[in-house]
Structures are given as structure tokens and as C-alpha cells.
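next come a sequence and a model predicted from it.
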Amino acid sequence: MPSLLSNQPVTDAERRANDKHRHAIVALALLVIGVYVYCFTLVSAPVDLLPAQLAERADLSLEHVLDSDGNIDSTISILMAQEFGSNDDERLVFFGILALAFLSSYYLPLAWKQPALVAWTTLGIATLYGVPAMAGLLAAHLCVFLVLHPGRRPGVAALVGALAVVVMPSYPEGPLATWLLLIGLSVACALVYVYALVPLLARPRVARVLQFATVHAAVVFIGVSLALEAFTGDALDLSLAALLFFWQWARLAMYHVDHADGQVPADITPVGYLSVFVSPGVIPNWSWGVTIGQGYAYLQGKFLCEDKNRIVLAGIRLMLIALLYLVLWRWVHALLVSAAQSGGIEVFGGYTRRMVRAFSRGVDVGTVSVLATTLLDLVRFMMFLAGVMHFKVAIWRLCGYHVDPYYDKPWLATNLMAFWTRFAFHYREFLVRVFYYPVFFRAFRRHRTLRIVAASMAAAALGNFIWHVTERSFFREPDFDALLYVFGTWPYFVLLGAGIAVSQVFLLQRRRTRKPWTRDRWFVVDVVAAYVTMQYFALIHIFARPSGDATVADMTWLFLRAFGIEGGGR
Amino acid sequence: MNQQAIFDSLRQYLQDEFPNQGIELAGDTRLLDEWFVDSMGIIETVIFIEREFGVTMTRADINGETFQDINSLVAFIGARAAS
């Protein structure tokens, strides 16, 4: 299996050999995109063939599958797009862009494939989020490019100035003044870059600080905003362009690691850089799995690394699996909840948050209820995540990148370490390379157990926590309320980090003697281990689902009830 | 420990801990392309090397040259042990 740390980049000659057309594959991919268009948009409404209308004619009951406007209720969302009235229309635009990007990356000559993906995604972002947001996102990325890859690039710096004019909320009156502003700002940016920034970046220490601050601008921004709020009482406002850019913080951090490891070529072009960040896979559900695709080295190692038809077929297969999850997850969850309730188990609709709220209000919750509710909530979350993540990986594959699965049958994991890998592979890779590695190679070098615990806590607890702070901040403004909300969930991060550390220490203390799920007398142990792993992960989500006025003490008592320890409640 | 013993020990470890069906692990098998699945596999191998051969590895040693194949790892361990 090609690794994430591959040091053998695919050559252009190999890519050309893998670039053979098969029109039947193209037709199949377009057909599957068409199925998505039918299921998740209102394109069939004018001819009265919406999924709900078809189901009615066939006398089918599709409760928990259809939404109120007659198509299939979808968790594929185009977040914060402001140019359209409904997410159905936004999805339609996105599927159109995806089809065009797919055709371009499939049929265009090798040199034009990645630039075409950047171009279609730019058009898609401009259509969905508006031209200023698109311009701001490009300008921010070009700034990162200029800081990470300093050189005499006055043209790129001038483009940043021009894009900055597009972002401006208002222009001076008259076309002449606007043109003067455009030219003036472009020239000023080019001069500042060449004569001020490039000389500064020639100093290694200054370069390191500037590059770190640029890459981690999202986290720096949160810190500055909180400091300002402490002094003035008001948090900073965030433009959509900044939001889109900050959401790529994890991917930027991965790019930065690749850059530090010398895996990014010194002569990389702006389009080569942008192909990591401006690709169709970054548009839908960008709050989920933002690290898919990872940094430069990984993506370059995956682009046309084998016969492109096999890559596209793998994408089509994943799109179909995703479709099953996206269509059926609510229905399956409702079925499981109904089965539990028929068996006399109170599961609070299969939502941990509802159970936490009920417990904090004095409802007595038994051990079986805690176990069943948290497990059902995890099953819901897993199905939801599977649909979204398979879809996102499938998009990359349609565009020619053989990206590894983000989500890979987590129910087969027999320990928390394996579960973490199978549940959120690319996100875990981000946490490991950005947080685990630096601690592992610096702290407690002479004490192996402490070293692993410290590195695991740095990744699964601290890194995970910081990412969740950014997530919460950028959706609800970077203010103290957002920070306090995530702080309130601290036991979740600690228990996850501790669980992963314990399982890693345990695994490292013994040599592997058999593969899990081998059909032998230890098979039952695998089943029990898989259940215990999932149940633990489900239970710690009690702390990640604060609700109403539930305190950490309430959630702790509820957690302990899973082990038969009574106490707490009101 | 001589180079052959290091080679045998490493090969046995990699085969046991990261079983890859259908691929024969040889001295020149490209580890980063054909053997490891993810970044944690590297960490586990670092722990094994440090424990088994008494050498210290740094973040800078996690690169394509050191981890190219078993032969390069054996050379690295030999050089680090001698220094």
C-alpha cells in the first residue's frame, strides 16, 4: 500500500502512462453524479418526478428518508453559502462544478489537469460564496505561498494587491479612481514584497517566525480576538473569505510540515501550491474532515499514481457506498431506537445530548440506558460521518487522486488506537504529524511510557482540543463563549487521550502473535474487544455533548452510571 | 550486534507488526511506499529500534533516506551505534 510518507513521487512519465481514456468509465461517473443530483436537489420538480412523488406512486413509505420539499434529506451541505436561497440549489451548483472538474481532469493533457481543478473550484467558490470571498481566499493563500516560498515573485505579490481591491467593501467613485487604486495597490504590494519581506525572509530565524505565524494565522487570530474582547468587550468580526481560509488551518499545518521536511519543491508554482487547497473536495461539508487530501507530498504521491480508470472506479464505488449512508442513516437510526424502546430500554431518541439534559433535570437514568443511548448516538454519528467522508474522498478520486479512505469500518477496531485510525484517518494523521511527532521526539526521551503518554495527550487531547476550539470559534465567532463551551468538554479530550495512550502502551509491550479477526479460538475476544472499544468511545461523548445546565459533575455521574456507580442527579 | 543480526531482527519485526499479504519483504523493499500504512507505524518502528539496538533517533531521522528500506535502516543503526 502506498504510504503517507512516500519519498518516491510519481513521475510525469508514470502519470502519462496512467492517463488512458475509457469513455464508459466517464459515462458511469456522470451517471452517479446524476443520481446525486436527482436525490439531493429539486431538479426533477418541474416534471413532477421528485423522489417523494415517485415513492407516492409506488406506494412506498420513506419516513426518515425524505425531507419536507420532496427530495432526499441530505447531510451534504454547502455551508455558509450566501448567494442562493436554498441548499438544494447550492448542491446543484456544486454537482455541476464537480462534473465539469471531473471531465477536465480526465480529458485534459497532464499539464492542465490540476490547473483546471483549481480553475473550476475557483469558479465554484465565486458562484457559491461570492467573488469577494473567492478573491479573499486566493489572496490569503497567495500570501502564504509568498512567505513559504520567498523569491523574486513581484507578479504574484501584485496579484495579491489586485485581489485585495476585489475584497474591498466599497470603491472610490469613478472607474479611473478604481483603476488607479488597483494599479497602486498592486505595485505597492510588489514593492513591499520584493524590498521588505524577501530580505526579512532571508534571515532564517525571522523566516521561521513569519512562516509559523502565517500558517497558524487562524489560531493567532483567535488569540488576538480573545485578547481584544477581554479589553474592549467586543470580539472581532470575521469575513467569509477569512473564514474559508482559516478553515484550512489543518491542511496548512500539514503543508507546513511537508515544507519543513523538504518535501515541497523549491520551484513550486502558485498553481501547484493552490492545487492542494483549491480543489472540488474542499467545498462540501468543509467543517468536516478538513484535512482530507492532507499536505503537498501526500497529494502529489496520490495524483494519477495508478491507472486513472481504477482511481475513478474506486471513487464511483465510494460514491455509491456514501449514497447508501446518506439516504438510509436516519432511517436505520430510527429503526434501532424503535427496537431498543420496544425492548423496554429508554434511549432518549438515541441522542446522548437529550439523555444528558434529562439527567441534569433529575430524570433517573439506569446503566443499560446510558450504555444503549451512547452507543445508538455513536452509531448515528458513525453513519452520518461515513456518508459525508466517503463522499469527500470520492470527489478527490474522481479528480484523479487516489486518496485513502477517511473512514474504514471502525467497528472492526479492537483497541482505541486502531479505532482512532479507522474512524478519522486523515484527521488523525494531521494530529500525529503536527502534535504527536514534535512531543515524541523532544519529551521524556529516557522514559518510554511517559514519552508515549505525553505524545498521545499532545495529539488526542491538546491538538484535538485546539482544532475543536477553532471549529467552534469560526462558526459562532471567536469569542469567550465559544472558548468556554469547548473548555466545558475537557474531560472528553482527556479521556480520549488517556485511552489512546493506554492502548498504545499496552500494544507496544507485547509482540503481535495473531491478526485480529482470525477465525480461531480468540475470535470471541475480538468481538468483546471491538464492543468495549466502541462503547468506551461512545461513553466519553457524554462529555462532548453538554446540554442545558448540565455541569461537568452531572456528566461525570452519568458516565459513572454506565459502570453501575450510582450518584449525582437532581 | 552485527549487521546481519540487525537485518534479521528488523525484518522479523516489520513482518510481524505490519503484515502485508502478497508482498515479500526484502532488503530493498521500499518501506515508505510499500510497507508502512501510516505515521504511527513509523513511531512504533522508532520505539523498536531505540529499544532493541540502543540508538537514539530524532525527528530529522524520519526521512526518505533513513526509512527507504531495511538496508538503509541497518546502515543508519550501524552508523549511529558507532558514533
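Done, it's in. Numbering: from 1, shown residues only, chains lettered A, B, ... in the order given.

and A:Val278, how far from A:His256?
According to C-beta to C-beta, to the nearest Å, A:Val278 and A:His256 sit 17 Å apart. (C-beta placed from N, C-alpha, C; glycine too.)

what about whichever residue of the stretch 51-200 of chain A sits closest to chain B, neighbour count?
Using C-beta to the nearest C-beta, the single residue of the stretch 51-200 of chain A nearest to chain B is A:Leu148, 19.2 Å away. Residues near A:Leu148, counting by other C-beta atoms under 10 Å in any protein chain shown, number 21.

list the buried residues for the helix or strand of chain A with the lowest mean pLDDT?
In chain A, the helix or strand scored least confidently by mean pLDDT, DSSP states H and E is helix A:480-487, which has a mean of 82. Using 16 or more other C-beta atoms under 10 Å in any protein chain shown as the test for burial, helix A:480-487 gives A:482-483, A:486.

okay if I get those residues as TSV plus distance to A:Val206?
Converted to TSV, the buried residues of helix A:480-487 look like this (distance: C-beta to C-beta, whole Å):
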residue	distance to A:Val206
A:Ala482	32
A:Leu483	30
A:Val486	33
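
and for the residue of chain B found nearest chain A, the neighbour number?
Here the residue of chain B nearest chain A is B:Gly64; by C-beta to the nearest C-beta that distance is 2.5 Å. B:Gly64 has 20 neighbours, counted by other C-beta under 10 Å.

what does it show for phi and psi?
With angles defined as degrees, to the nearest 10, B:Gly64 sits at phi -70, psi -30.

what's the answer for A:Ser225, then?
Per-residue torsions, A:Ser225: phi -60, psi -40 (degrees, to the nearest 10).

quick one on the thing from earlier: ok, the residue of the stretch 51-200 of chain A closest to chain B touching A:Asp258?
No. Using C-beta atoms under 8 Å, A:Leu148 makes no contact with A:Asp258, being 10.2 Å away.

what is in contact with those two at once?
A:Val264 (C-beta atoms under 8 Å, 6 or more residues apart in numbering or on different chains).

if we can go back for a sec, and which of the buried residues of helix A:480-487 is nearest to chain B?
A:Val486 (25.6 Å).

so the closest one touches A:Asn464, yeah?
No. A:Val486 lies out of contact with A:Asn464 (C-beta under 8 Å); the separation is 10.3 Å.

out of the buried residues of helix A:480-487, which is nearest to A:Leu335?
A:Val486 (33.1 Å; C-beta to C-beta).

sorry, back to before: and the next element down the chain from the least confident helix or strand of chain A?
helix A:490-508 (DSSP states H and E).

quick one: is that following helix near chain B?
Yes. Using C-beta under 8 Å from any C-beta of the partner chain, helix A:490-508 reaches chain B at A:Leu508.

need the contact partners of that helix.
A:415-417, A:420, A:448-449, A:452-453, A:456-457, A:459-462, A:464-465, A:468, A:536-537, A:540-541, A:543-544, A:552, A:555-556, A:559, B:44, B:47.

just the buried subset of those residues, please.
Buried by 16+ other C-beta under 10 Å: A:415-417, A:420, A:452-453, A:456-457, A:459-461, A:464-465, A:468, A:536-537, A:540-541, A:543-544, A:555-556, A:559, B:44, B:47, out of those.

contact residues of the stretch 401-550 of chain A facing chain B?
A:417, A:421, A:425, A:428-429, A:432-433, A:436-438, A:440-441, A:445, A:448, A:452, A:455, A:508, A:511-512, A:515.

for the chain, which spans come out with low pLDDT?
Chain wasn't specified; assuming chain A. By pLDDT under 70, the weakly predicted segments of chain A are A:1-8, A:289-290, A:475-478, A:511-512, A:568-570.

my bad, the chain I had in mind was chain B
B:21, B:36-37.

quick one: the helices in the stretch 251-400 of chain A?
A:270-277, A:296-302, A:308-342, A:352-360, A:367-398 (DSSP state H, counting those that start in this stretch).

closest one to A:Asn18 among these?
helix A:308-342 (5.5 Å).

helices and strands around that closest one, which ones?
If you count contacts as 3 or more C-beta pairs under 8 Å, 6 or more residues apart in numbering or on different chains; DSSP states H and E, helix A:308-342 packs onto helix A:23-40, helix A:87-107, helix A:367-398.

so which of the ones you listed is the most packed in?
Across those, averaging neighbours per residue (mean count of other C-beta atoms under 10 Å in any protein chain shown) puts helix A:367-398 on top, at a mean of 23.

okay, the angle between whichever helix or strand comes after that helix and helix A:367-398?
Going down the chain from helix A:367-398, the next helix or strand is helix A:416-423, by DSSP H and E. Put simply, helix A:416-423 runs at 50 degrees to helix A:367-398, going by axes from the mean of the first three to the mean of the last three C-alpha atoms, to 10 degrees.

pull the CA atoms of helix A:416-423 into PDB?
Presented in PDB, the C-alpha positions along helix A:416-423 are these (Å, rounded to 0.1, in the frame of the first residue of the first chain):
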ATOM      1  CA  LEU A 416      -8.800   2.600  20.800                       C
ATOM      2  CA  MET A 417      -5.700   3.300  18.800                       C
ATOM      3  CA  ALA A 418      -7.000   1.300  15.900                       C
ATOM      4  CA  PHE A 419     -10.400   2.800  16.300                       C
ATOM      5  CA  TRP A 420      -9.000   6.300  16.100                       C
ATOM      6  CA  THR A 421      -7.200   5.300  12.800                       C
ATOM      7  CA  ARG A 422     -10.300   3.700  11.300                       C
ATOM      8  CA  PHE A 423     -12.700   6.400  12.400                       C
END
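
so the nearest residue to A:Leu138 once chain neighbours are set aside, which of the three states?
The shortest distance from A:Leu138 to any non-neighbouring residue, by C-beta to C-beta, 6 or more residues apart in numbering or on different chains, is to A:Leu163 (5.6 Å). Secondary structure, DSSP: H, G, I helix; E, B strand; the rest coil: A:Leu163 is helix.

any idea how far A:Asp479 is from A:Leu163?
A:Leu163 is 28 Å from A:Asp479, by C-beta to C-beta.

which one of these two is surrounded by more residues?
A:Leu163 (24 against 17).

surely that one and A:Ala135 touch.
Yes. Using C-beta under 8 Å, A:Leu163 is in contact with A:Ala135, at 4.4 Å.

what residues do the two have in common as contacts?
If you check A:Leu163 and A:Ala135 against C-beta under 8 Å, 6+ apart, no residue is contacted by both.

get me the contact residues on the stretch 201-350 of chain A for chain B.
Checking the stretch 201-350 of chain A against chain B by C-beta under 8 Å from any C-beta, the hits are A:261-262.

if we can go back for a sec, in CSV, list the helices and strands packed on helix A:308-342 along with distance to chain B.
As requested, these are exported to CSV (distance: least, C-beta to the nearest C-beta, whole Å):
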stretch, distance to chain B
helix A:23-40, 26
helix A:87-107, 24
helix A:367-398, 15
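
contact partners for the one residue in the stretch 301-450 of chain A that gets nearest to chain B?
Chain B sits closest to A:Phe441 of the stretch 301-450 of chain A, with a gap of 4.1 Å, by C-beta to the nearest C-beta. A:Phe441 sits next to B:57-59 when contact means C-beta under 8 Å, 6+ apart.

and if you look at A:Val434?
Contact partners of A:Val434, counting by C-beta under 8 Å, 6+ apart, are A:250, A:253-254, A:257, A:463.
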